[in-house]
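[1] With the sequence up front, the predicted model follows.
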Amino acid sequence: MKNIIIFGLGGFAEIVYMYFKQNPSFNVVAFTANESAIKENDLFGLPVVPFENIETVYPPTKFQMFIAIGYSNMNKKRARVFDEAKSKGYELTSYIHSSTIINDGFVMGENCFIFENNVLQPYVTLGNNVVIWTGNVISHHTVIKDHCFIISHVAIAGNVVVEPFCFLGINSTVRNRITIARECVIGAGAVILENTKEKEVYVSRSTTKLDITSDMLKNL
């Protein structure tokens, strides 16, 4: 069993805690955050310890950590805390939900979190600090590099490379053999058929609104 400290006090940290709690391989012992962000001394009945001196209370020789920070600032806040935790000597644990399908050749770094019902085909590689939400398909030989965040129902074809600090929104699609450049945002429903350039933002058009009201529809 891994004894875990969760960095974070927000919604993502609360979600992560529930998943760890449901898995007997993990034992969450405390939460941590920067001292200036701490408003209460406990969360879910567990102590909240300032990150500035966390290693004196829960030494990295006995405890692991998970950085539960979302995609704010293009994942850079999560990356910064990742580096700070590593500099303190912590191993950063990763989590894969039992319903996710993992195939041969899968490689994953530290501080990754993979939610329910994902399909990761053979020879998929995840870097460090990658979050993959629910119900995605990541096809064979795809590489997702450090500090990326993938929301639900994303379809990534084979031999794709996603460079660091990218965000892929719900129901987005990436064609095979595409490279998503560093710090790109692929918005909800976007379809990527060509390589992107660094820091580009892609959005799909919103669904058309008709100039009628719902009570004008027949047979509905």
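    Noted; the coordinates are in hand.

[2] Give the rounded mean pLDDT of stretch 199-211.
    Average pLDDT, stretch 199-211: 94.

[3] Need the three-state assignment for Phe66.
    strand (DSSP: H, G, I helix; E, B strand; the rest coil).

[4] All the helices of the protein, in order from the start?
    Assigned by DSSP state H, the helices in the chain fall at 11-22, 54-57, 76-87.

[5] CSV for the ones you listed, including mean neighbour count and distance to Thr134?
    In short, each C-beta sits where N, CA and C put it, glycine included. Output for the helices of the chain, formatted as CSV (neighbours: other C-beta atoms under 10 Å; distance: least, C-beta to C-beta, whole Å):
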stretch, mean neighbour count, distance to Thr134
helix 11-22, 16, 11
helix 54-57, 16, 30
helix 76-87, 18, 19
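
[6] Please name whichever of the ones you listed is nearest to Thr93.
    With C-beta to C-beta, the closest approach to Thr93 among these belongs to helix 11-22: 8.9 Å.

[7] Can you spell out which helices and strands pack onto that closest one?
    With contacts taken as 3 or more C-beta pairs under 8 Å, 6 or more residues apart in numbering; DSSP states H and E, helix 11-22 sits against strand 2-7, strand 26-33, strand 42-43, strand 95-96.

[8] mind exporting it as PDB, just the C-alpha atoms?
    Extracted C-alpha coordinates of helix 11-22, given in PDB (Å, rounded to 0.1, in the frame of the first residue of the first chain):
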ATOM      1  CA  GLY A  11     -12.200  20.400  -6.600                       C
ATOM      2  CA  PHE A  12      -9.700  18.300  -8.500                       C
ATOM      3  CA  ALA A  13      -8.000  17.400  -5.200                       C
ATOM      4  CA  GLU A  14     -11.400  16.300  -3.700                       C
ATOM      5  CA  ILE A  15     -12.000  14.100  -6.800                       C
ATOM      6  CA  VAL A  16      -8.600  12.600  -6.600                       C
ATOM      7  CA  TYR A  17      -9.000  11.800  -2.900                       C
ATOM      8  CA  MET A  18     -12.300   9.900  -3.600                       C
ATOM      9  CA  TYR A  19     -10.600   7.700  -6.300                       C
ATOM     10  CA  PHE A  20      -7.600   7.000  -4.100                       C
ATOM     11  CA  LYS A  21     -10.000   6.200  -1.200                       C
ATOM     12  CA  GLN A  22     -11.800   3.600  -3.300                       C
END
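
[9] Return the distance of it from the chain's centre.
    Relative to the chain's own centre, helix 11-22 is displaced by 13 Å; criterion: C-alpha atoms, centre = their mean, to the nearest Å.

[10] Return the angle between stretch directions for it and helix 76-87.
    50 degrees (axes from the mean of the first three to the mean of the last three C-alpha atoms, to 10 degrees).

[11] give me every residue that touches Cys166.
    Cys166 sits next to Asn75, Cys148, Phe149, Ile180, Arg182, Glu183, Cys184, Val185, Ile186 when contact means C-beta atoms under 8 Å, 6 or more residues apart in numbering.

[12] Tyr19 is in contact with Ala13, correct?
    No: using C-beta atoms under 8 Å, Ala13 is not in contact with Tyr19, being 11.1 Å away.

[13] quick check: domain ranges of this protein?
    With automatic domain parsing as the criterion, the domains of the chain are listed as 2-87, 96-200.

[14] So what would you say the end-to-end distance of the shortest one is?
    Okay, so that is domain 2-87. The first residue of domain 2-87 is 20 Å away from its last residue (C-alpha to C-alpha, to the nearest Å).
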